[in-house]
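Asks: whatever this is, show me its structure:
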Amino acid sequence: MKRIIYIFIFTALTFSVFGQSRKALNLYKEKRFAQAIPYLEKMVKKDPSTKWKSKLAESYRRTNQLQKAEVLYSQIVQRKHFSNRIMMRYGEVLMGLGRYEEAKTWFLKYAEKYPKDNTALLKAEACDYVKTIKPYFSKVDFFKVPINTDADDSNPIMHDGKIYFSSDRKKGFNVLKKKSGWTGRDFMRIYSTERLDDTTFAEAKPLPSRINNLNKNTGKPSFAQNGDLYFTRNTNKASKDGTYKLHIYHSRLTPNGGWEKSKELSFCQLSINYLHPAISKDGKTLYFASNRKGGEGGMDIFVSEKHGDNWSIPVNLGSKINTPDHEAFPFIHPSGKLFFSSKGHNGLGGFDIFVSEKDDRGYWQKPINLGAPINSSGDDIGFYADTTMSLVLFTSTRASGNDDIYMCQVDTTHFSLAQNDTLQEKTLENEEPLAILDTAQMATYQQKYEEFGIQLMGGDTILLAAPTYEEEEINIPTFLAGQLDQLVPAMYFSDGLLFDINTFYDTKEHQELAQQRADAIKNYLIGKYIPQGKIDTKLWAMESSDKLPIFAETKKIVILVTPTTNQ
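Replies: Residues are numbered from 1 along each chain as shown. Predicted structure coming up:
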């Protein structure tokens, strides 16, 4: 009787182990790495063979748990028998941790085994190249924005006074809600928020169901100037391999403030991934990543042109931009510069952000690595810059292994020329470039730029004397707009700095005109993502000369608009 009981217990345990191993293998093969990890961890405890350790290490790697992956890979490579592919993976993990010399060793070992595969040699060269990468921007101050969570928050952009971004943060309970097999968290959604003051953002809210779908990944928003929204989302129909590919969709706001039903772009094919859209400001050119045929390998960046309501057949950007590895997350700046992330070009590890622009013949030039501090040994993706390229947003895994959003102030008066002699400093109507606010250099700043109508007063106050308006003109002059564009970044990175708009009028009939000019300047600043609470407008009657203001307060950018007078 005891023997029968023992046999039954042994059989039950055998089936239990078999069930766990089958579950682990199935989840791993389906690339549901987060869900596979707990099963693989149990299998490693029961059977610490290379078979299970390598699968667990790869699952850690795919979910950005590099420290855990490194521990397992370091154990595996001490054994006599393991897959040569492990050497490549171990090198990539070490590179992602910033251990470049160790990583190079393993890349070279792999190259000895597979001399026809030049990928490892390129990665080994990249480990040496790291030392030569210089910052693209010579002066950058950045911080992690407080909208981040312990989930993935990524791909931020600015549009119409708001920040839009992707996140798989937990969003309430729904009995129908599932979890992502890859991450084990909620599916990605697009959220929006806006900055209230120097350190506070409004609560991030998800876009409605016409954009976000409950159990589909939705992300990487991109807006055209007219408000058309392009984004990535899983398809409604499975491809032949049983997976739901990522495709590009389009929507726009209706006059009543709702969103149109999103539509899939016409060139998307069911068996291919199309993702990470980046639309030009005029809405006519779309850059995106895809694994469609005709590429260099992995994910490549393609472009399509809009003709009427139709999109052209996508064209690969070619070998200057794309490599046999992955290129993704494009962003096209109004200047024509293309920013994107790559694992194939020489970088600091993981995805690095690069920039390229076309030459006089219209060909893309060799990409430039943005270098530190924008790039790190982690994954750096989702670059965005405002029109003047003085305010930058990007995503990085450098701090926690999860995607976090960072905001940067860039000194636009100094671009690094060490890597590309064709780069030009930003100028304002062919004059010398204006400087960003820097209290340590205010005396020099005042002397150099007083010709632009910018003067320093007590403390940190900057005085802008606006050029004389044309009679009855309301919109701000181009020259004043250029001044504001250069000073706006100081608003994001200073403690309590305010805009103080002062418009003057000489007669009662010009009071309304003065108010309209003040409102136009305020709206311009709001369009640059300055919170309304940081902008104050005042009207002054010239006839009450004894009550005119004395501008002695500190930490303000004071704008003076002279009155229109009867000629």
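Asks: strands along the stretch 151-300 of the chain, start to end?
Replies: Applying DSSP state E, counting those that start in this stretch to the stretch 151-300 of the chain gives strands spanning 153-159, 162-167, 189-193, 205-206, 218-223, 229-234, 246-251, 263-264, 274-279, 285-290, 300-307.
Asks: would JSON lines of those strands with distance to residue 468 be doable?
Replies: Using the backbone N, CA and C atoms, a C-beta is placed for each residue, glycine as well. Converted to JSON lines, the strands of the stretch 151-300 of the chain look like this (distance: least, Cβ to Cβ, whole Å):
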{"stretch": "strand 153-159", "distance to residue 468": "32"}
{"stretch": "strand 162-167", "distance to residue 468": "34"}
{"stretch": "strand 189-193", "distance to residue 468": "39"}
{"stretch": "strand 205-206", "distance to residue 468": "44"}
{"stretch": "strand 218-223", "distance to residue 468": "35"}
{"stretch": "strand 229-234", "distance to residue 468": "40"}
{"stretch": "strand 246-251", "distance to residue 468": "44"}
{"stretch": "strand 263-264", "distance to residue 468": "49"}
{"stretch": "strand 274-279", "distance to residue 468": "38"}
{"stretch": "strand 285-290", "distance to residue 468": "39"}
{"stretch": "strand 300-307", "distance to residue 468": "41"}
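Asks: could those strands go into JSON lines alongside mean pLDDT, distance to residue 60 and mean neighbour count?
Replies: As requested, the strands of the stretch 151-300 of the chain are exported to JSON lines (pLDDT from 0 to 100; distance: least, Cβ to Cβ, whole Å; neighbours: other Cβ atoms under 10 Å):
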{"stretch": "strand 153-159", "mean pLDDT": "93", "distance to residue 60": "20", "mean neighbour count": "23"}
{"stretch": "strand 162-167", "mean pLDDT": "93", "distance to residue 60": "22", "mean neighbour count": "24"}
{"stretch": "strand 189-193", "mean pLDDT": "94", "distance to residue 60": "25", "mean neighbour count": "20"}
{"stretch": "strand 205-206", "mean pLDDT": "94", "distance to residue 60": "29", "mean neighbour count": "14"}
{"stretch": "strand 218-223", "mean pLDDT": "95", "distance to residue 60": "23", "mean neighbour count": "24"}
{"stretch": "strand 229-234", "mean pLDDT": "96", "distance to residue 60": "25", "mean neighbour count": "23"}
{"stretch": "strand 246-251", "mean pLDDT": "96", "distance to residue 60": "24", "mean neighbour count": "22"}
{"stretch": "strand 263-264", "mean pLDDT": "95", "distance to residue 60": "34", "mean neighbour count": "12"}
{"stretch": "strand 274-279", "mean pLDDT": "97", "distance to residue 60": "24", "mean neighbour count": "24"}
{"stretch": "strand 285-290", "mean pLDDT": "97", "distance to residue 60": "25", "mean neighbour count": "25"}
{"stretch": "strand 300-307", "mean pLDDT": "95", "distance to residue 60": "27", "mean neighbour count": "20"}
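Asks: residue 81: which of the ones you listed is closest?
Replies: Relative to residue 81, the nearest member of the strands of the stretch 151-300 of the chain by Cβ to Cβ is strand 300-307, separated by 35.7 Å.
Asks: just checking, what packs against the closest one?
Replies: Packing partners of strand 300-307 (3 or more Cβ pairs under 8 Å, 6 or more residues apart in numbering; DSSP states H and E): strand 285-290, strand 315-316, strand 327-332.
Asks: CSV please, covering those and showing distance to residue 30.
Replies: Shown next, in CSV, are these (distance: least, Cβ to Cβ, whole Å):
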stretch, distance to residue 30
strand 285-290, 22
strand 315-316, 29
strand 327-332, 22
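Asks: tell me which of those sits nearest to residue 126.
Replies: Ranking these by proximity to residue 126 (Cβ to Cβ) places strand 327-332 first, at 14.8 Å.
Asks: so what strands line up beside that closest one?
Replies: strand 338-342 (antiparallel) (DSSP bridges).
Asks: how big is the angle separating the helix or strand immediately after the strand it pairs with in the chain from strand 338-342?
Replies: Going down the chain from strand 338-342, the next helix or strand is strand 352-356, by DSSP states H and E. If you take axes from the mean of the first three to the mean of the last three Cα atoms, to 10 degrees, strand 352-356 sits at 150 degrees to strand 338-342.
Asks: what residues does strand 352-356 touch?
Replies: For strand 352-356, the surrounding residues in contact (Cβ atoms under 8 Å, 6 or more residues apart in numbering) are 136, 320-321, 337-343, 345, 347, 364-370, 374-375, 380-381, 383, 394.
Asks: quick one: buried ones out of those?
Replies: Buried members of the contacts of strand 352-356, scored by 16 or more other Cβ atoms under 10 Å, are 136, 321, 337-343, 345, 347, 364, 367-370, 374-375, 380-381, 383, 394.
Asks: which residues are contacting the helix or strand residue 86 falls within?
Replies: Using DSSP H and E, residue 86 sits within helix 85-96. The contact list for helix 85-96, computed with Cβ under 8 Å, 6+ apart, reads 54, 57-58, 61, 66, 69-70, 73-74, 76-77, 100, 102-107, 109-110, 113, 119-120, 123, 126-127, 349-350, 377-379.
Asks: before we move on, what about stretch 511-526?
Replies: 161, 469, 472, 474-476, 480-481, 484, 488, 499, 501, 503-505, 532, 535, 537-539, 541, 559, 561, 563-564.
Asks: again with stretch 97-107
Replies: Against stretch 97-107 from outside (Cβ under 8 Å, 6+ apart): 66-67, 70, 77, 87-88, 90-92, 94-95, 120-121, 123-124, 127-128, 130, 348-349, 376-377.
Asks: those, buried ones only, as a ChimeraX selection?
Replies: Of the contacts of stretch 97-107, the buried ones can be selected in ChimeraX as follows, counting by 16+ other Cβ under 10 Å:
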select :66,70,87,88,90,91,92,94,95,120,123,124,127,130,348,349,376,377
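Asks: where do the helices sit along this structure?
Replies: In the chain, the helices defined using DSSP state H lie at 2-29, 33-46, 50-62, 66-76, 85-96, 100-113, 119-129, 442-449, 478-492, 511-527.
Asks: export those as TSV, with columns for mean pLDDT and distance to residue 303.
Replies: Formatted as TSV, those follow (pLDDT from 0 to 100; distance: least, Cβ to Cβ, whole Å):
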stretch	mean pLDDT	distance to residue 303
helix 2-29	64	34
helix 33-46	89	32
helix 50-62	91	29
helix 66-76	93	33
helix 85-96	91	29
helix 100-113	92	32
helix 119-129	86	25
helix 442-449	45	39
helix 478-492	72	28
helix 511-527	86	28
